[in-house]
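**Student:** What shape does this take:
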Amino acid sequence: QAKTPASKKKKKKKGDKSPKPSATTPQATAPAAIPAVAAALAASGFRSMNLPVSLPHSGATKEEETTDDDNYSEEESSEEEEEEEEKGPVAAPESSKKKKASSATLPTSDPRAHRWLSAILKTREHPNHDTYFNFDKYRDYFGPDCGWVKAKPYGPWCSGLDHPAAIAIDCEMVETRCPKTGRINDKALCRLSVVDATDPNSPEGGEVLLDTLVKPEWPVRDYRTRIHGIGPKELKDCQFTMQHAQAFMTAICSEETVVVGHAVNNDLATLRMEHHCYADSSLLFRLNSEGYRTPGLKDVVKSVRGTDMPETHDSVNDSRMALACLNHYLAKGGVVKLVNRVKPKKKKNQNKDQKNEPKKISSMLFVHRIPQGCKPEHILNMIAAHTHVHPKEVDDIDFSAENTNFGKTHIKFTTGEHAELAFNTLVGEEYFDKTGRPQKRIPLRTGGYVQIRKMHGTKK
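**Tutor:** Next up is the predicted model:
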């Protein structure tokens, strides 16, 4: 019944559609002593581990997508997804700029990892690096009772050629809620893929060392099937847990193992693994005209490879594509062209009646990247002064997200036409988010800016 990662190799062809795994009925509470469990499982080495791997497979459908919270807003969910998927223009705090990233671990012991040195150092030079890779902040976010792991020092146990010097990882996530405390985790692991990144000339883009669904620790609040194809069906019988994931990562990684990926800080945080030897394609490739706002993986892949990413996320494909782009970065000596945003595709499943149906206009605008100290009345007065359209009200600003210094809120108008007029009147740089909704960057008198975005029409 149990399968070892070494016995499972997954081949993917170009153009393959992403598999659609599912989500599971989770445990009621988070387990205790995760690091101890991980250490015990990892003792025999990663290729000898007997893990209950749950293979992702197709089956989840659009109709199966669900949440366990009837009051959960689909619009709210999509807003949070964009915040997580494409990290925005965050100014690095002065205190973090003074930190010396050069003191962190470098892969000096294994010659096979030396090719990553320049990418690691360049990743650490990004102005927002210390904000994104702040593991203390992630610990606060997940809570004091959630176990974290760290890799062991490099030694004979990992020095053989059979042990990878670098790995590419990608995680898929769901949103869960603790039934006892009500605490929400929007980075709950539901699928983990690990690819060997040692050989830059691997014909398959790197051997798949592990690809498995993972049973969430708390009840699922939002499965996010629309993103990664994972719904409540396939993980019904999944036995692979966070303990197994952490055990595998601590068995395969030393402190000098190079972990690569796109926005890999999110993947490490999801695994609750503090690691300081990494290269991140989201910080090595720069957007053409959006300052320090980081590109999405699909933007980088389009720029480097000239191909489109599948609409449904596939963590094996995503880790391989991030690895391919990073190999390109290294081959070019770090001199790569600026990346342009990929315009979202129009949905092809609209029938004639839907095409002829008039679009509903939402009576709200969504505001995010709101700096600390800003109040709802400040937003209301700004809109009224600059557009001469007076909002009906502005919701309280939500500063609860632990992994950002900014807040978000909604501006409510009397009608959709008022909201449309206010947005069109605002003066600011306009561009489209990944779902195709227009938003504007509005500068503030005190410096910095907020982003104001149109929303989908309200469902009646």
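**Student:** where does the stretch 351-460 of the chain have low pLDDT?
**Tutor:** Within the stretch 351-460 of the chain, the segments meeting pLDDT under 70 span 351-360, 401-404, 434-435, 446-447, 456-460.
**Student:** where do the strands sit along it?
**Tutor:** Assigned strands in the stretch 351-460 of the chain, in chain order: 364-370, 393-394, 407-412, 429-432, 438-443, 449-454 (criterion: DSSP state E, counting those that start in this stretch).
**Student:** Highest mean neighbour count out of these?
**Tutor:** Most buried of those by mean neighbour count (mean count of other Cβ atoms under 10 Å) is strand 364-370; its value is a mean of 23. The C-beta positions use only the backbone N, C-alpha and C, and glycine is treated the same way.
**Student:** That strand - contacts with which helices or strands?
**Tutor:** Packed against strand 364-370, as judged by 3 or more Cβ pairs under 8 Å, 6 or more residues apart in numbering; DSSP states H and E, are the following elements: helix 74-85, strand 407-412, helix 416-425, strand 449-454.
**Student:** go again using 10 Å as the cut-off
**Tutor:** Applying 3 or more Cβ pairs under 10 Å, 6 or more residues apart in numbering; DSSP states H and E, one finds that strand 364-370 makes contact with helix 74-85, helix 376-387, strand 407-412, helix 416-425, strand 438-443, strand 449-454.
**Student:** Just confirm residue 369 contacts residue 407, I think it does.
**Tutor:** Yes: if you go by Cβ atoms under 10 Å, residue 369 and residue 407 touch, sitting 8.4 Å apart.
**Student:** Give the residues shared as contacts by the two.
**Tutor:** Listed contacts common to residue 369 and residue 407 are residue 450; contacts here mean Cβ atoms under 10 Å, 6 or more residues apart in numbering.
**Student:** Quick one: closest of the strands of the stretch 351-460 of the chain to residue 178.
**Tutor:** Closest approach to residue 178 among the strands of the stretch 351-460 of the chain is made by strand 407-412 (22.7 Å; Cβ to Cβ).
**Student:** And the closest one, what does it pack against?
**Tutor:** Applying 3+ Cβ pairs under 10 Å, 6+ apart, one finds that strand 407-412 contacts helix 74-85, strand 364-370, helix 376-387, strand 393-394, helix 416-425, strand 449-454.
**Student:** would you turn the ones you listed into TSV with distance to residue 325?
**Tutor:** Listed next are the helices and strands packed on strand 407-412 as TSV, based on distance: least, Cβ to Cβ, whole Å:
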stretch	distance to residue 325
helix 74-85	16
strand 364-370	26
helix 376-387	38
strand 393-394	40
helix 416-425	34
strand 449-454	26
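**Student:** right, and these - which one's nearest residue 324?
**Tutor:** Judging the helices and strands packed on strand 407-412 by Cβ to Cβ, what sits closest to residue 324 is helix 74-85, at 19.3 Å.
**Student:** quick check: mean pLDDT across that closest one?
**Tutor:** Averaged across helix 74-85, pLDDT comes to 41.
**Student:** about what we covered before: export the strands of the stretch 351-460 of the chain as a markdown table, with columns for distance to residue 116.
**Tutor:** Below are those laid out as a markdown table (distance: least, Cβ to Cβ, whole Å):
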| stretch | distance to residue 116 |
| --- | --- |
| strand 364-370 | 32 |
| strand 393-394 | 47 |
| strand 407-412 | 36 |
| strand 429-432 | 33 |
| strand 438-443 | 34 |
| strand 449-454 | 34 |
